[in-house]
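Undergrad: sequence below, structure please.
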Amino acid sequence: MEDQNKNLILATVLSFLVILGWFWMFPPPEPVVDPNAPVAGQTAQAPAAGAATSPVAPADQGGIAAVPQAPRLKIDTPTLQGSISLSGGRIDDLSLKNYKVTLDPGSDIVRLLSPVGEPNAYYALYGWAAGGNLAATDAPGASTEWTIAEGSTLSPGQPVKLEWQNGKGLTFTRTIAIDDDYMFSITDGVRNDSAEPATLQPYGVVARHGKPADLQNFYVLHEGVVGRIDGTLQEVKYKALDDMPVVAHEGAQAEVHEATKDGWLGFTDKYWMTVLVPEQGKPFTAVAKYDARSGIYQTETRLPAVTVAPGAATEVTSQLFAGAKEWEAIRYYQNDPSLLERVFGQKVDPARAQIGGFIDSIDWGWFFFFTKPIFWVLHTLHGWIGNMGLAIIALTFVLKLIVLPLAYKSYVSMARMKELQPEMEALKERAGDDRAKLQKEMMQLYKDKKVNPAAGCLPILIQIPIFFSLYKVIFVTLELRHAPFVGWLKDLSAPDPSSLYNLFGLLPWAGPDHPSLLATIFIGALPILLGVSMWLQQKLNPAPTDAAQAMVFAWMPWVFMFMLGSFASGLVLYWITNNTITFLQQYTIMRSHGHKPDLFGNIKAGFKKKPAEAKAAAAKAPAKGKK
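TA: Reported below is the predicted structural model:
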């Protein structure tokens, strides 16, 4: 029994240290106010044909300048609203209809993209870099004034077409289409009516002026550049962009990759992203850069330069994902071979439409082999049940069912350890102070009775990877954002908003906000239920006879209660459900092996002074009096 308790305490302390380490490495995120002011727009450069120089340079350093007001095209879809500026043909005004900033019914919807001149400008830009004998102004760039050739409102099934003539025989067109979700298709074309061949390089850019205002700087969460180059996932945080070396031909701190066949590149936030998707199956240059002078972060995809002969024309089609990182939508774009057909209404080569590895734009983390299947099960259960809290409870049952064989062996071993208690006590009496002899005979006893004394640790240890994987799923996946459960639990991705501070809403003042010291002390109802569930699980067994072990056991539920109080309520709900199932499993298995847990007796014993402690206190009292 003593070795069993030591093993259990060892596993518990290990779990405790792991969670402490988690808090130390991943402190709660604090809102960061971006100090960078908006800066000027971008101007085109003119590299030679096939050159590696950046087709789009950061803004001039002459100071803050707003882009002149220009006519706009309206965007209106079931999921998006906004507009396109005819200055540069920028997609720079985009909001997500289905997502609000807060739970407040009057809250604004989430705005993803915003134009230059507003704080934290963020936009997508397409153009042609002039090469050969062409001047920079001979090709459309960041400030080109386009005209509307067709359409007035961009919506599914209703594309718009822009046009611009350079006055030297080149006519450029841009056709923009959109689907019901978050995918734009951009077809840039050029017709050469001049007497000379024209060399041009098509490109796409996503530019961000300064870091996001709501950047969380949380270690477990990736925010910054995300992409996939020839099958390899690329992730670069803003801090890493800040520290990149200057690349001379880019004129900024940059990282350049040459993709030979496929890929995509852009910026990701916790729940939203804006990603350039060049035509798949063809080479392109992928660039992530930061210009410290202008404070602009930028991703670019540059396609190979083309030469358009006199009287000829060419066009190139690419996609832009700008929206919410919804698992179903992203998986659709990855797996569905009819993306372009859905957007353009025409048959296409299926290989062109699939976006390889697009599902990895969701931050699954290092333990993706756990987080991906856990999320899939949770998503499926939510689809069946319709309530994310109930889906988490159902997921807990599924996970417990999967590990049931291991748990069963563990609980059986614990029950058999209790059966061996009389023999173990006899061994201790025979061995006396000979610890080596006692250890040897106990190991032989375990071997003869086929009992594994370390098996009691397994139910606790196996929870650690599951706990962290579920933490990741709840923290980063959009489906948990603002997902309600019951009553006061209206957002399972956030901590329990109830608090002892106002007696769970009975007193007429608000509870403390997370994260804060007051919120950590005055925990909510859900963390209290967690502590009680852990405490009851403990009481299936008598307290250890060793005073140090007993103290660890006595404090452990309440320490965990306060530690996990600031975690997402969905995770705390999982832990409560897990404890409840574990309690029932252990109680049933112990009963089936002839050991009926004395739950109420163990609870009562916890409130009584132990005889040994009373005798020790009585023995010390006279000694103190003599002094």
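Undergrad: return the set of buried residues in the host helix or strand of Ala129.
TA: Using DSSP states H and E, Ala129 falls within strand 122-130. Of the residues in strand 122-130, those scored as buried under the neighbour-count criterion (16 or more other Cβ atoms under 10 Å) are 122-130. Placement of C-beta: from N, CA and C, glycine included.
Undergrad: any chance of the residues you listed in TSV, plus pLDDT and distance to Ala207?
TA: Putting those into TSV (pLDDT from 0 to 100; distance: Cβ to Cβ, whole Å) gives the following:
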residue	pLDDT	distance to Ala207
Tyr122	96	7
Tyr123	96	6
Ala124	96	8
Leu125	95	7
Tyr126	95	12
Gly127	93	12
Trp128	94	17
Ala129	92	15
Ala130	90	20
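Undergrad: farthest-separated two in those?
TA: Tyr122 and Ala130 (26.3 Å; Cβ to Cβ).
Undergrad: Ile581: how many residues sit nearby?
TA: Ile581: 18 surrounding residues under other Cβ atoms under 10 Å.
Undergrad: hang on, the earlier thing: could you dump the buried residues of strand 122-130 into JSON lines and include distance to Gly323?
TA: As requested, the buried residues of strand 122-130 are exported to JSON lines (distance: Cβ to Cβ, whole Å):
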{"residue": "Tyr122", "distance to Gly323": "13"}
{"residue": "Tyr123", "distance to Gly323": "14"}
{"residue": "Ala124", "distance to Gly323": "12"}
{"residue": "Leu125", "distance to Gly323": "18"}
{"residue": "Tyr126", "distance to Gly323": "18"}
{"residue": "Gly127", "distance to Gly323": "23"}
{"residue": "Trp128", "distance to Gly323": "26"}
{"residue": "Ala129", "distance to Gly323": "28"}
{"residue": "Ala130", "distance to Gly323": "32"}
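Undergrad: and Gly295, how many neighbours?
TA: 19.
Undergrad: my read: it touches Gly210, true?
TA: Yes - with contact taken as Cβ atoms under 8 Å, Gly295 and Gly210 are classed as touching, separated by 5.1 Å.
Undergrad: any idea how far Val412 is from Ser592?
TA: Look at Ser592 and Val412: by Cβ to Cβ, to the nearest Å, they are 9 Å apart.
Undergrad: more neighbours: these two, which one.
TA: Val412 (17 against 11).
Undergrad: next SSE downstream of the helix or strand where that one lies?
TA: Assigned by DSSP H and E, Val412 belongs to helix 404-419. Towards the C-terminus, the helix or strand next in line after helix 404-419, according to DSSP H and E, is helix 421-431.
Undergrad: can you give the distance of that next one from its chain's centre?
TA: Here helix 421-431 is found 53 Å from its chain centre; the criterion is Cα atoms, centre = their mean, to the nearest Å.
Undergrad: repeat for stretch 476-485
TA: Centroid separation between stretch 476-485 and its chain, computed with Cα atoms, centre = their mean, is 11 Å.
Undergrad: quick check: end-to-end length of it?
TA: 18 Å (Cα to Cα, to the nearest Å).
Undergrad: with stretch 285-303 instead?
TA: The separation between the terminal residues of stretch 285-303, taken as Cα to Cα, is 6 Å.
Undergrad: flag every buried residue along that stretch.
TA: Buried residues in stretch 285-303 (16+ other Cβ under 10 Å): 285-291, 294-303.
Undergrad: same question, stretch 191-206
TA: Going by neighbour count (16+ other Cβ under 10 Å), the buried part of stretch 191-206 is 191-192, 194, 198-206.
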